[in-house]
Every structure is written in C-alpha cells, then in structure tokens.
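Undergrad: 3D model of this:
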Amino acid sequence: MNLRFMIGDVRVATKVEQPADLKGCTNANQDAAGPGVPCANCGFTLLEVMFAVIVFCTATFSILALVSQSLDEARRLQRPMVDTSMVASVLSLTNRLTEGTESGDLGDMLGDSYKGYTYTYQIQEAQTNKLFEVDVVLQNPNNVVISTGSYLFYRPLSPAGSLDGATVAR
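TA: Model prediction:
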C-alpha cells in the first residue's frame, strides 16, 4: 500500500506493508466488491466475538435483575401496611369504653384489603379518673403476631371501671 503525504513543501511517498492476516483486504478488493461491503477475509476474531457475547450477556442479566427487583418492590407496596394504630384510631371515635376483651377480623373494620388479619384488644381502667388502657394485638392470616401496641384513652362518659368500684363490667 502506498501512502502519499506532504510535510511542508516536500512530498514524501512511503510503502506500508500490511500484516499477514489482512493481505486480502486492500482498497482495490473492497472497491471491486462495492462500497460498504466488507472483504471476505476481514472479520472479527473468535476472541472478539466471545468478549462481545460476554458483555451482552452481562448487560442483559443486569437489566433482568433490576426489573425483577422493581417488580418485587411493587408487589410489596400492594400489601396492606398493618399496624395497631389502625384499631386504636377506630376505638378513639367512641365516647365510651367498657372494660373487657374483644376480637374480630380486621377486614370487617377496615376493608377487604385486610381480610384474614385478626385483632384482639383488651380494655382496662388505668386510673380512677376514667383513663383506660387499651392493649391491641394484630395477627396475620397464619395467626402469627405481627404487631402489638398499648394506648391510653380518657373517656369521662364511660361507665365505672374496676378501679372506680364497679364489680361487673358493663
């Protein structure tokens, strides 16, 4: 292959020898095949192809792992957040509390998203001035305790409790 270039006002011509593995790839061969058509002897080595496949597989598996993690997080967000404060907020809407224990399905109290979760709360008078302590326990559908909480409510309209001298819970 002959190269011609100018350095200042002096023309220089050099002859460059092609490597042995590219002997068949000359501009004349490419021009004969047509513009943009690679020569039959010019191609990628096996090592280059293997490296490209490894990079492609690594990128593909990384993207799949990211999508899988995102789907798992979205699924986790669809599960209801269960906390004893939900039961306490429903109890806070009443003006009267009576000592005793009650349990039920959380779905009946809060909606279908909470079906299967159960609650149990125990109300007892904490002080003689109508201050009540409510202990709440929530269980998942497998009857495993998932949340517990203790709350104080002041309800002056409530009937007398055990500390006020009542002998029977009303």
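Undergrad: Give me the below-cutoff pLDDT ranges for the chain.
TA: 1-41, 79, 165-170 (pLDDT under 70).
Undergrad: can you give me the helices for it?
TA: Taking DSSP state H, the helices of the chain run over residues 27-33, 46-78, 84-91, 106-110.
Undergrad: mind checking how far the residue positioned nearest the centre of the chain is from Leu66?
TA: In the chain, the centroid-proximal residue (CA atoms, centre = their mean) is Glu73; its distance is 2.2 Å. Note on Glu73: its distance to Leu66, by CB to CB, to the nearest Å, is 11 Å. Placement of C-beta: from N, CA and C, glycine included.
Undergrad: Tell me, how many residues neighbour Thr118?
TA: Neighbours of Thr118 under the rule other CB atoms under 10 Å: 16.
Undergrad: which residues does it contact?
TA: The neighbours of Thr118, taking CB atoms under 8 Å, 6 or more residues apart in numbering as the test, are Ser103, Gly104, Asp105, Leu106, Leu138, Gln139, Asn143.
Undergrad: Any chance of those in TSV with distance to Ala52 and neighbour count as columns?
TA: Listed next are the contacts of Thr118 as TSV, based on distance: CB to CB, whole Å; neighbours: other CB atoms under 10 Å:
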residue	distance to Ala52	neighbour count
Ser103	63	11
Gly104	62	12
Asp105	58	13
Leu106	55	22
Leu138	55	22
Gln139	55	18
Asn143	55	7
